[in-house]
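Novice: output the structure for:
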Amino acid sequence: MAITLSSPVTGSAQTGFTSPTYTLVADSAPDNFSKQSYVSALGGTQSGVNVHSVAIPFTLGVRRPNVLKVLMAKFLNGITGKYTRVPKNVYTFVTRKGVAIQSGQYETMIVRTSIEVPAGADSYDAANVRAGLSAHTGLVWAQASGAGDTCVTGSLG
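Specialist: This is a model prediction of the structure:
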């Protein structure tokens with residue numbers, strides 16, 4: 001895999017946090033098509049944030065498809081020359097973070113980004129695959145603090 005879960009990770013801006021960083025330690029991945037790390041230490045100011053434990057998980061991972069899909073001639077319409085079905089290769093980034101729902105009771109919050117790349121685009125139009133990812137991650141990065149506020153207040157305002 002070209003993805004390396006390197007440490008430390010610099011977190012995005014969030015209300016009440018100053019220069020958040022996360023120290024990662026390689027963890028056992030859920031399967032052979034994934035990589036996973038857990039957060040062992042925090043940097044910056046993040047009052048009240050827990051590092052990873054069995055009871056309160058804090059993991060970051062990435063997964064690729066089990067079987068990479070390609071365009072197949074059997075899905076090509078002989079009359080129109082267009083594909084009737086285009087398979088997608090789905091890559092997923094996932095963060096699992098234990099959060100308290102009341103005193104002493106925790107649930108796991110899941111943050112997931114899925115990237116669905118149509119088969120063939122990886123080789124025929126790599127520049128636009130990269131541009132889509134660039135714009136998406138830029139938007140998420142730019143809106144990270146607002147997303148945190150929205151998840152806490154419920155307002156898109």
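Novice: grab the nearest non-local neighbour of the spatially most central residue of the chain.
Specialist: Centroid-nearest residue in the chain, with C-alpha atoms, centre = their mean: residue 93, separated by 2.6 Å. When the adjacent residues along the chain are set aside, residue 93 lies closest to residue 113, with 4.6 Å between them (C-beta to C-beta, 6 or more residues apart in numbering). To be clear about C-beta, it is placed using only N, CA and C from the backbone, and glycine gets the same treatment.
Novice: equivalent analysis for residue 77, please.
Specialist: Once chain neighbours are set aside, the closest to residue 77 by C-beta to C-beta, 6+ apart is residue 84, at 5.4 Å.
Novice: ok so, going back, ok, the residue nearest to residue 93 to residue 155 distance?
Specialist: Distance, residue 113 to residue 155, by C-beta to C-beta, to the nearest Å: 22 Å.
Novice: more neighbours: which of those two?
Specialist: Looking at residue 113 and residue 155 with other C-beta atoms under 10 Å, you find the greater number of neighbours at residue 113, namely 14 against 7.
Novice: how near is the more buried one to residue 72?
Specialist: If you measure residue 113 against residue 72 using C-beta to C-beta, the figure is 27 Å.
Novice: that older thread, might you report the residue contacts of the residue nearest to residue 93?
Specialist: When the contact criterion is C-beta atoms under 8 Å, 6 or more residues apart in numbering, the partners of residue 113 are 92, 93, 94, 136, 140.
Novice: show the buried residues in those residues.
Specialist: With burial judged by 16 or more other C-beta atoms under 10 Å, the buried subset of the contacts of residue 113 is residue 94.
Novice: quick one: the helices in the chain?
Specialist: Taking DSSP state H as the criterion, the chain carries its helices at 121-124, 126-142, 144-153.
Novice: dump these into a markdown table; add mean pLDDT and distance to residue 23 as well.
Specialist: As requested, the helices of the chain are exported to a markdown table (pLDDT from 0 to 100; distance: least, C-beta to C-beta, whole Å):
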| stretch | mean pLDDT | distance to residue 23 |
| --- | --- | --- |
| helix 121-124 | 92 | 33 |
| helix 126-142 | 89 | 20 |
| helix 144-153 | 91 | 19 |
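Novice: which one of those helices lies closest to residue 88?
Specialist: helix 121-124 (9.3 Å; C-beta to C-beta).
Novice: any buried residues in that closest one, and which?
Specialist: The neighbour-count check on helix 121-124 (16+ other C-beta under 10 Å) flags residue 121 as buried.
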